[in-house]
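Chemist: Predicted structure and sequence below. I'll ask about it afterward.
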Amino acid sequence: MSVLIILGMPHGIVFATTGAVQQPVSITGWEVKWGNVDDQGFISEVKGADEIWEKQGSDKLEYSNTDRSNSLWTRLTIPELSEESSAIRFENIKGNHIVVYLEDRKVYENYHYNYDNNAVLLPLSSGNSGDTLYVWSQNEKGRLGIQGTVQVGPYAALQEKYIHNGLIDVILGATFVFTAITMLSCTFFLGKFHKGLWISLCIVMGSIGTMIITYSQFLYTFYQVYGDLYSVVFDLAMLLGMPALCYFFEQIIGPGLHGIFTKLRKILFIYSVIAVFSLFIYVTSGGQWEILYNLLVQRVVGIVLVILLTILLVGTIAKALQRNREAMLLATGFGTFALISVAELLWYYQRSGTYHLLWWKWSMVAFVISLIAILGSRFAEKHTKVLEYSKELELFNNELQRSEKMEIISELAASVAHEVRNPLQVTRGFLQLMTEQEDNKNKGYVRIALEELDRASGIITDFLTFAKPEFDHIISLNISDEFNHIEGILVPMANLEGGKITTDIPPDLYIRGNSSKFKQAFINIIKNSIEALQGQGQIDIWAYKQDGMIKVHVRDNGEGMDEEALSRLGEPYFSNKIKGTGLGMMVTFRIVEAMQGQISFTSTKGVGTEAVVSFVEFVD
């Protein structure tokens with residue numbers, strides 16, 4: 001294993017290895033010298049000069065140009081290399097313009113752009129052992145020189161680290177951009193359904209992804225020739241993303257106190273238009289209008305972003321405190337992003353732009369997830385509402401169809417009943433006369449004919465009741481008194497069938513209605529229960545007051561009904577009984593409806609049936 005020792009070199013002190021370099025090792029010491037005002041990064045400016053070099057290293061990396069020149073020379077000595085395919089890797093060299101020399105030969109130079117973090121990988125060979133490496137860095141605004149680690153070793157091992165530098169940022173940003181493009185392609189299928197919210201989210205995600213990619217050190221490392229373009233695209237993405245972000249928040253949590261979000265969105269839109277225009281002039285003029293671009297974009301946009309994030313964060317937290325579910329979700333994701341971003345931006349400005357923004361892009365992941373979750377919840381909520389509306393529409397449609405059927409039957413019943421009743425009455429009269437003349441043999445047949453005519457007359461009466469449910473005599477009905485009469489009529493019938501009726505009706509329950517029709521409706525219900533007992537069983541009847549309503553329950557433990565039969569109760573000519581016409585239950589529904597009441601049934605096959613009839617309580 002290589003052991004690091006200090007080697008005295010003619011040009012200063014470096015840390016190297018005693019033996020051949022087999023694995024990447026770090027160089028932790030070098031020398032620096034501040035450049036002159038007119039230095040341009042030529043090796044002749046320092047080679048052979050008598051100026052004193054300062055000993056520096058990885059333990060002291062703060063090289064500020066605040067009180068000195070805007071350029072810095074750094075030199076170090078290459079340790080002994082055994083492999084022909086070796087390299088030296090600089091994790092980060094601060095500066096807008098970087099030039100590297102290996103002895104007298106220039107081996108690297110970047111281009112002038114606004115980004116000042118530079119990862120550098122230089123191929124070496126065993127013949128470069130002991131050579132001196134000179135690094136010239138220039139920066140008008142920030143720190144200078146080597147930042148981070150410096151390693152020498154096999155080229156393949158260092159190349160892997162070099163390639164990975166910033167690659168995750170590109171993958172992360174590309175994921176956001178691809179997702180935004182995919183979502184945007186679905187816009188055509190949305191119609192007006194959350195279209196503005198959807199597009200604004202796509203713009204925000206696309207802007208975030210573009211900013212992450214163009215801020216990545218990977219692009220500046222491998223495609224540095226486009227450095228100025230990356231800076232311009234980064235600014236453009238941020239300028240487009242800010243109004244879209246404000247619009248998204250406005251749609252989620254409203255216009256805010258005194259419409260602050262709406263006003264902020266309009267101000268941001270105007271600012272972005274002006275800033276993009278200045279950016280366009282800067283690009284098309286070849287940098288001649290740089291002062292306008294620097295003022296409106298580079299110097300102001302960060303401050304505007306801090307103000308925007310702060311206002312949105314405060315507004316979101318205020319809305320979340322009102323227990324708004326979407327605001328709480330948004331506050332969680334956006335709060336993480338805003339707090340980290342504002343802290344980094346403040347630190348960036350406090351360090352005069354020398355700080356490399358790092359954590360904001362990872363906090364954006366939480367933010368974007370919260371945005372997608374909110375929009376997803378909106379779609380899920382709309383889907384639920386659509387399902388509810390569909391069910392309500394189906395119920396309304398069924399009720400409408402039922403009403404139309406009832407109206408047709410009502411008109412038909414009124415006309416047919418009046419036309420048929422007269423000849424029936426005449427026929428019955430003649431049959432009664434015949435009973436006085438015919439012999440005993442025919443009297444039995446005549447009696448059967450009279451019974452059938454009476455039954456037909458009863459059916460016609462039911463038709464008339466259904467067709468004209470309005471009552472002539474509306475009075476105050478005591479429920480207890482009415483059921484005393486009903487019980488007197490039906491208890492004998494129940495006893496004959498082997499059943500038993502129990503009632504629990506308080507004496508102070510009053511409604512308004514027609515006594516005869518009220519009895520008719522409940523007689524029909526209770527008779528059905530008696531017939532469902534099939535020889536034995538019990539019928540329980542009870543009533544009570546609840547929220548201004550009188551509710552009457554009739555429950556039996558008879559044969560019960562399945563769901564299909566239960567859903568068809570009240571339809572004309574539907575009956576579970578062999579000789580039933582279904583008109584009795586149809587009339588019952590019409591009577592309850594005419595008395596402004598409601599009726600519902602629950603039933604389980606083999607267990608029994610329960611009817612609940614509700615009327616508005618009458619208060620004298």
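Modeler: Received, thanks.
Chemist: List the buried residues in stretch 612-620.
Modeler: The neighbour-count check on stretch 612-620 (16 or more other Cβ atoms under 10 Å) flags 613-615, 617 as buried. Quick note: C-beta positions are derived from backbone N, CA and C, even for glycine.
Chemist: Out of those, which is nearest to M328?
Modeler: The closest of those to M328 turns out to be S614 (Cβ to Cβ; 40.4 Å).
Chemist: Can you list the strands that the strand or helix carrying the closest one pairs with?
Modeler: According to DSSP states H and E, S614 maps onto strand 608-616. Counting by DSSP bridges, the strands paired with strand 608-616 are strand 549-556 (antiparallel), strand 598-604 (antiparallel).
Chemist: out of those strands, deepest packed?
Modeler: strand 549-556 (a mean of 20; mean count of other Cβ atoms under 10 Å).
Chemist: contacting residues around that strand?
Modeler: Outside strand 549-556, the residues that touch it by Cβ atoms under 8 Å, 6 or more residues apart in numbering are 479, 499, 509-511, 522, 525-526, 529-530, 532-533, 537-545, 608-617.
Chemist: Give me the buried subset of those residues.
Modeler: Using 16+ other Cβ under 10 Å as the burial test, the contacts of strand 549-556 include 479, 499, 509-511, 522, 525-526, 529-530, 532-533, 537-541, 543, 608-611, 613-615, 617 as buried.
Chemist: on that earlier part again, which one of the buried residues of stretch 612-620 is nearest A156?
Modeler: Of all these, A156 sits closest to S614, with 84.8 Å by Cβ to Cβ.
Chemist: Can you verify my assumption that the closest one contacts G597?
Modeler: Yes - when contacts are counted by Cβ atoms under 8 Å, S614 is listed as touching G597 (5.8 Å).
Chemist: Just put the strands paired with strand 608-616 in TSV and tack on mean pLDDT.
Modeler: TSV is the format used below for the strands paired with strand 608-616 (pLDDT from 0 to 100):
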stretch	mean pLDDT
strand 549-556	93
strand 598-604	90
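Chemist: got those as CSV, with distance to I52 columns?
Modeler: Shown next, in CSV, are the strands paired with strand 608-616 (distance: least, Cβ to Cβ, whole Å):
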stretch, distance to I52
strand 549-556, 101
strand 598-604, 100
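Chemist: Which among those is found nearest to L158?
Modeler: With Cβ to Cβ as the measure, strand 598-604 is the member of the strands paired with strand 608-616 nearest L158 (78.1 Å).
Chemist: Now tell me what touches that closest one from outside.
Modeler: Strand 598-604 is contacted from outside by 560-561, 565-566, 569, 588-589, 592, 609-614, using Cβ under 8 Å, 6+ apart.
Chemist: For the residues you listed, point out the one with the lowest pLDDT.
Modeler: When these are compared by pLDDT, L569 scores lowest at 77.
Chemist: For M242, see how far away it is.
Modeler: Applying Cβ to Cβ, to the nearest Å, the value for L569 to M242 is 62 Å.
Chemist: What of G256?
Modeler: Distance of G256 to M242, computed by Cβ to Cβ: 16 Å.
Chemist: Could you check which of these two has the larger neighbour count?
Modeler: Between G256 and M242, counted using other Cβ atoms under 10 Å, the more crowded position is M242 (24 against 20).
Chemist: Skipping adjacent residues, who's closest to the more buried one in space?
Modeler: L268 (5.1 Å; Cβ to Cβ, 6 or more residues apart in numbering).
Chemist: So what's the residue count around the one you found?
Modeler: Neighbours of L268 using other Cβ under 10 Å come to 22.
Chemist: Which parts of the protein belong to which domain?
Modeler: The record's domain split for the chain, according to automatic domain parsing, is 4-155, 167-376, 389-467, 475-616.
Chemist: and those domains as TSV, adding distance to K382?
Modeler: What follows is the domains of the chain, written out as TSV (distance: least, Cβ to Cβ, whole Å):
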stretch	distance to K382
domain 4-155	44
domain 167-376	7
domain 389-467	10
domain 475-616	29
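Chemist: Confidence-wise, which of those is weakest overall?
Modeler: The weakest mean pLDDT among those belongs to domain 389-467, with a mean of 66.
Chemist: burial of P79, as a residue count?
Modeler: Residues near P79, counting by other Cβ under 10 Å, number 25.
Chemist: Now do the contacts for A320.
Modeler: Listed by Cβ under 8 Å, 6+ apart, the contact set of A320 reads 327-328, 330-331.
Chemist: now the residues you listed as CSV including secondary structure and distance to L76?
Modeler: Formatted as CSV, those follow (DSSP: H, G, I helix; E, B strand; the rest coil; distance: Cβ to Cβ, whole Å):
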residue, secondary structure, distance to L76
A327, helix, 55
M328, helix, 54
L330, helix, 51
A331, helix, 50
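Chemist: Out of the residues you listed, give me the one that has the most neighbours.
Modeler: L330 (27 neighbours).
Chemist: Just the element for the residue nearest to M242, please.
Modeler: helix 260-284.
Chemist: Likewise for K33?
Modeler: Judged by DSSP H and E, K33 forms part of strand 29-34.
Chemist: CA atoms of that strand as PDB?
Modeler: Taking Å, rounded to 0.1, in the frame of the first residue of the first chain, the C-alpha atoms of strand 29-34 are listed here in PDB:
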ATOM      1  CA  GLY A  29      -0.500  20.300  -1.300                       C
ATOM      2  CA  TRP A  30       0.400  22.800  -4.000                       C
ATOM      3  CA  GLU A  31       1.500  26.400  -4.400                       C
ATOM      4  CA  VAL A  32      -0.400  29.500  -5.500                       C
ATOM      5  CA  LYS A  33       0.500  33.000  -6.800                       C
ATOM      6  CA  TRP A  34      -1.900  35.800  -7.500                       C
END
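Chemist: partners of it in the sheet?
Modeler: Strand 29-34 has these strand partners (DSSP bridges): strand 54-57 (antiparallel), strand 71-77 (antiparallel).
Chemist: I'd like the next helix or strand past the longest one.
Modeler: What it means is strand 71-77. Next along the chain after strand 71-77, with elements defined by DSSP H and E, is strand 86-94.
Chemist: Could you tell me the angle between the helix or strand just after that next one and strand 86-94?
Modeler: Proceeding N to C from strand 86-94, the next assigned helix or strand is strand 97-102, under DSSP H and E. Calculated by axes from the mean of the first three to the mean of the last three Cα atoms, to 10 degrees, strand 97-102 forms an angle of 150 degrees with strand 86-94.
Chemist: Just the C-alphas of strand 97-102, formatted as CSV.
Modeler: Only the C-alpha atoms of strand 97-102 are listed here, as CSV (Å, rounded to 0.1, in the frame of the first residue of the first chain):
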residue,chain,number,x,y,z
HIS,A,97,-11.8,30.9,-17.5
ILE,A,98,-9.4,28.0,-16.8
VAL,A,99,-6.1,27.3,-18.6
VAL,A,100,-3.8,24.3,-17.6
TYR,A,101,-0.2,23.7,-18.7
LEU,A,102,1.9,20.6,-18.3
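Chemist: Quick one: distance of the helix or strand following it to the chain centre.
Modeler: Sequence-wise, the next helix or strand downstream of strand 97-102 (DSSP H and E) is strand 105-109. Offset of strand 105-109 from its chain centre (Cα atoms, centre = their mean, to the nearest Å): 53 Å.
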